[in-house]
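# Predicted model, plus sequence, below.
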Amino acid sequence: MASSLLPPRVKNIKKIWDEWNIRGIILFSLSLQALLILFAPYRKATKKTFVICLIWYGYLLADWAANFAVGLISDSQSGRAHPKTPENSDLLAFWAPFLLLHLGGPDTITALALEDNELWLRHMLGLISQAVAALYVFAQSLPNNRLWMPTMFMFIAGVIKYAERTRALFLASLDRFRDSMLSEPDPGPNYAKLMEEYASKREAKLPTQIIYIPEPVKETRGVEKTIKLNDVQVVQKAYKYFKTFKGLVVDLIFSFRERNESRDFFRRLTPETALRVIEVELNFIYEILFTKVQVVQSMIGYIFRALAFGAILSSLGVFFYMVNKKGFNRVDVGITYTLLLGAVVLDFIALFMLVFSDWTVATLEIPNDYDFDDDSVETSVNNQKKEPWHLKLKRRFVSIFGVFLKYKRPIWHRTKCMEEDKGEHYHHVIATPIPFRRWSGSISGYNLVRYCLAGRPKAIHDFTGWTRVFTGWTRVYVQKITKWARLDFLSNHVGKFYDELIYKPIVRFVKDIASCLKRISEPVSKLVNYTGLKFRRWTAQRPLRDWIASKISETILYIWSLPWNLIDLFGLRNILDSLRYVSSDRFTFELWRFIFTELKQKSDYADDPETAKRISAARGDWILTDSDSNNSTGRRELMRYVTDVKYDESLLLWHIATELLYNDDRQKLTSASPPDQQTNHNSGSGCLPKNEKSDEKWKERDFDEYDYREFSKMLSDYMIYLLIMQPTMMSVVAGIGKIRFRDTCAEAKRFFTRRRLGAKDQGKACDQILGVNTDVEPVHVKGDRSKSVLFDACILAKKLKELEKEGKEKKWKLLSRMWVELLSYAAAHCRANTHAQQLSKGGELITFVWLLMAHFGLGEQFQINEGHARAKLVVGK
């Protein structure tokens with residue numbers, strides 16, 4: 001009766017919904033599974049908001065769609081919803097187990113955040129309830145169900161997949177993860193028994209003493225040679241240390257043996273090899289916490305995965321060969337085939353990812369004489385004609401994985417640094433394609449001065465973009481193929497072909513769009529300026545017009561502030577600030593080598609855990625008391641900006657001082673000497689000329705002042721980004737950092753507003769801050785109510801300039817080393833689970849530093865200094 005009162009258009013919409021709701025939702029659920037299995041691995045490889053939001057929506061909608069579809073099917077089968085629905089009850093009962101399969105989710109994602117793992121009990125309850133719902137739907141179709149056999153096969157596969165997900169969440173929950181890492185309880189040597197024997201011997205008047213025999217320690221070699229690892233060995237070494245150091249995630253402690261072994265190994269690695277090992281190691285940690293790998297990578301997991309895949313294939317085979325489809329709706333039959341083939345394809349993709357995962361490579365046995373060089377793989381295989389067939393097969397199998405792993409190596413792209421001076425400086429940024437990345441390879445930045453001026457963020461390195469890099473790679477590979485096919489006459493034209501037909505048209509198209517937008521924006525900007533000028537002249541004539549203008553201005557300001565008030569109301573200010581003011585720069589090899597070298601030098605002093613704890617607890621004081629410096633007096637003057645202030649205040653002080661000095665140097669370089677002198681500044685120890693890209697000498701070159709300046713700038717902005725935009729990660733060391741930042745920004749904005757400085761006046765703004773008279777300490781003038789540190793940082797910057805003018809200190813080398821120490825302090829004191837959480841969001845440099853410090857033996861995790869004492873009871877004659 002109620003439906004008869006509806007308008008005809010609404011009736012048609014309701015009819016379409018009643019006919020297609022189940023079909024549409026179940027196909028939507030399948031498409032979400034495809035989205036997740038293909039794109040979920042990219043969340044560890046990018047920080048792009050669009051990709052992360054896409055995966056987030058897909059993850060949440062996947063569970064909702066599957067649960068909603070099960071409810072619709074159950075309602076339809078019971079006849080309460082629309083008893084005249086055309087869906088066949090047998091097919092509906094067959095579709096219900098597919099939704100169990102979808103609720104199990106793909107192997108590539110089980111949890112969005114670590115907190116999701118703690119909800120494993122809720123998923124277990126969901127498994128039981130959804131399995132009961134599917135059985136209820138199946139029971140409603142009996143006893144005349146022609147599809148009972150494929151339905152049962154699919155039900156088995158769905159229960160296995162859902163149980164895999166539930167168990168993966170259980171194993172990744174932090175409490176269970178910690179329990180799995182604990183060894184058997186260790187009561188130590190039997191002290192009571194030994195002392196009883198000792199007392200009895202003394203009572204018998206026998207000369208008795210207890211001799212202490214320390215646990216033997218493996219001696220380190222005097223001369224350490226650099227270790228070279230191939231791609232498979234990198235994965236296997238990373239897996240070895242992952243099994244030991246995964247306990248860092250749950251704050252377990254380690255012995256001196258584990259510390260010494262790891263420390264000796266990493267001290268003999270090159271910076272690039274160490275980076276590759278840590279990349280793979282963090283990838284292992286990511287996969288055990290956020291994917292099904294713990295469940296699948298076991299003998300029981302293999303068995304149940306084979307059963308699930310066999311059940312899906314059996315269901316497809318029975319439906320295709322044995323089921324009479326007469327009477328079924330053709331559309332429903334097509335949807336059923338789509339679901340079956342979709343399940344098979346998704347399982348094939350999961351199998352491919354499983355076979356070529358790092359976990360499989362970690363279990364490979366490499367022949368002792370195997371060589372992974374490009375030119376010797378075939379030779380190594382062909383020269384082994386007399387060896388058994390199984391060894392030949394093993395060599396061939398290992399070579400396949402070796403070739404696959406080459407694509408996952410970090411690719412370093414020579415990139416010009418964006419500078420306003422006339423010289424050219426180059427760094428090597430990581431440019432690995434996103435399908436082969438193990439982390440994002442980017443460093444975010446947040447700059448206080450730029451934020452106060454409302455300026456747009458700028459990257460330091462002029463990365464040419466993935467299109468140009470991909471085009472260059474494609475051109476190289478096509479040239480190799482033509483040479484291999486002995487078509488050398490074509491290889492000379494390949495580069496020209498790609499430039500003329502691919503790259504240049506794309507660039508021309510983008511430039512045309514940009515120029516078109518510029519032509520559109522210019523007249524609009526002129527119109528706005530002209531209208532504003534006329535309005536100001538009009539308001540200057542009479543008081544009435546002035547009153548009207550003020551009311552109009554108030555109305556405009558109110559309308560303009562309304563959306564910002566709503567944004568603050570819903571707590572979206574930080575999200576918008578991150579989109580507007582957070583910069584993103586590519587991670588450079590030079591920066592990593594500098595950090596690696598600094599931490600390696602510190603590890604040379606950390607021969608015992610006590611010294612290691614002191615080094616990891618240093619937040620600038622270790623650098624300022626460095627015995628290698630001949631300027632102890634000048635450094636002591638800087639000590640109060642480290643030891644006499646809290647860590648968050650120290651970060652802001654050194655950040656503002658770095659920014660002031662950085663812009664001061666840029667202003668000098670812009671208006672400095674001739675171009676040839678600028679270029680000579682970089683010719684000695686800068687990056688190599690363009691025609692020497694293939695030469696790897698750049699990996700060992702000495703750093704110059706320009707390098708130290710860029711390191712300081714990148715790390716300074718990065719640490720403020722962590723302090724302000726990652727408060728959860730820095731909560732242990734942040735203190736009242738947010739309050740200090742807000743007060744400092746308020747003072748800076750007031751200072752800039754009075755001088756009418758805008759977004760493009762960053763250099764001028766820094767000059768004017770440095771020009772302020774600071775003979776009297778700010779605290780003596782303003783008191784300590786405001787926590788602003790703007791002019792305290794100005795005093796610090798002036799002191800650093802004076803030290804360099806006197807020839808006692810290279811300020812940029814000191815600042816860069818200071819920032820590495822501040823970074824390492826934060827890395828060692830952040831909660832371990834926050835490091836693990838960031839792995840699912842593209843990864844952070846601070847996490848790499850955290851794990852590198854642990855491998856160098858720097859930290860508070862090593863609390864077993866001597867192991868078991870071996871006491872021996874000796875009875876004299």
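Everything's here; your move.
# State the helix or strand in which residue 416 lies.
strand 412-416 (DSSP states H and E).
# same deal with residue 828?
helix 811-829.
# Tell me the helix or strand right after the host helix or strand of residue 31.
Per DSSP H and E: residue 31 is located in helix 8-39. Helices and strands here follow DSSP H and E; after helix 8-39, the next one along the chain is helix 49-78.
# Now do that next one against helix 8-39, angle only.
Angle between the axes of helix 49-78 and helix 8-39 is 120 degrees (criterion: axes from the mean of the first three to the mean of the last three CA atoms, to 10 degrees).
# Relative to the whole chain's centre, how far out is helix 49-78?
Centroid separation between helix 49-78 and its chain, computed with CA atoms, centre = their mean, to the nearest Å, is 27 Å.
# Pull out the buried positions in it.
If you call a residue buried by 16 or more other CB atoms under 10 Å, then helix 49-78 has these buried ones: 51-52, 54-55, 58-59, 61-63, 65-70, 72-74, 76-77. The way it works is simple: take the backbone N, C-alpha and C, and place the C-beta from them, glycine included.
# Residue 635 in helix, strand or coil?
helix (DSSP: H, G, I helix; E, B strand; the rest coil).
# Let me know whether it touches residue 621 as I believe.
No - using CB atoms under 8 Å, residue 635 is not in contact with residue 621; the gap is 9.7 Å.
# Would you pull up how far the helix or strand hosting residue 264 lies from the middle of the chain?
For residue 264, the host element (DSSP H and E) is helix 256-267. Offset of helix 256-267 from its chain centre (CA atoms, centre = their mean): 26 Å.
# Can you name the element that comes right after that helix?
For helix 256-267, the following helix or strand on the C-terminal side (DSSP H and E) is helix 271-290.
# That following helix - contacts with which helices or strands?
Helix 271-290 sits against helix 148-172, helix 231-245, helix 358-362, helix 589-605, helix 832-838, helix 845-855, with contacts defined as 3 or more CB pairs under 8 Å, 6 or more residues apart in numbering; DSSP states H and E.
# Show me what the fifth one is packed up against.
Spelled out, that is helix 832-838. Applying 3+ CB pairs under 8 Å, 6+ apart, we find helix 832-838 packed against helix 114-117, helix 271-290, helix 845-855.
# tell me the average confidence for the longest one?
Across helix 271-290, the average pLDDT comes to 95.
# What are the contacting residues of the helix or strand following that helix?
Next along the chain after helix 271-290, taking DSSP H and E as the criterion, comes helix 293-296. By CB atoms under 8 Å, 6 or more residues apart in numbering, the residues outside helix 293-296 that reach it are 107, 164, 167-168, 171-172, 287-288, 301-302, 305, 354, 357, 359.
# Is residue 793 in contact with residue 653, as I believe?
Yes - if you go by CB under 8 Å, residue 793 and residue 653 touch, sitting 4.8 Å apart.
# shared neighbours of the two, anything?
When CB under 8 Å, 6+ apart defines a contact, no residue borders residue 793 and residue 653 alike.
# can you tell me the helix or strand for residue 742?
Using DSSP H and E, residue 742 falls in helix 737-754.
# That helix - contacts with which helices or strands?
Contact partners of helix 737-754 among helices and strands, from 3+ CB pairs under 8 Å, 6+ apart: helix 448-452, helix 647-670, helix 705-725, helix 762-770, helix 790-805.
# and the fourth one, how far from the chain's centre?
Distance of helix 762-770 from its chain centroid, counting by CA atoms, centre = their mean, is 34 Å.
# Tell me the buried residues in it?
762, 763, 764, 765, 766, 769, 770.
# From those, pick the one nearest residue 279.
Distance to residue 279, by CB to CB, is smallest for residue 762 among the buried residues of helix 762-770, at 34.7 Å.
# Next one: that closest one, what pLDDT does it get?
On pLDDT, residue 762 comes in at 89.
# And for residue 377?
Residue 377 carries a pLDDT value of 39.
# Same question for residue 316.
92.
# got it, and residue 625?
With respect to pLDDT, residue 625 has a value of 83.
# neighbours of it, just the number please.
13 (other CB atoms under 10 Å).
# Check the spacing between the nearest residue to it once chain neighbours are set aside and residue 444 real quick.
Leaving aside its sequence neighbours, residue 625 sits nearest to residue 635 (CB to CB, 6 or more residues apart in numbering; 7.2 Å). According to CB to CB, to the nearest Å, residue 635 and residue 444 sit 31 Å apart.
# The two - which one has more neighbours?
Taking other CB under 10 Å, residue 635 and residue 444 do not tie; residue 444 has more neighbours (22 against 18).
# what secondary structure does the more buried one sit in?
Going by three-state DSSP: residue 444 is strand.
# who does it bridge with?
The partner list for residue 444 in beta bridges (DSSP bridges) reads residue 584.
# Does it touch residue 582 like I think?
Yes - Residue 444 lies in contact with residue 582 (CB under 8 Å); the separation is 5.4 Å.
# quick one: strands adjacent to the strand holding residue 416?
Strand 412-416 has the following sheet partners, assigned by DSSP bridges: strand 426-430 (antiparallel).
# For the partner strand, C-alpha coordinates in PDB please.
Provided in PDB are the C-alpha atoms of strand 426-430 (Å, rounded to 0.1, in the frame of the first residue of the first chain):
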ATOM      1  CA  TYR A 426      74.500  17.800  -7.800                       C
ATOM      2  CA  HIS A 427      73.300  15.100  -5.400                       C
ATOM      3  CA  HIS A 428      72.000  11.600  -6.100                       C
ATOM      4  CA  VAL A 429      68.400  11.000  -5.100                       C
ATOM      5  CA  ILE A 430      66.700   7.600  -4.800                       C
END
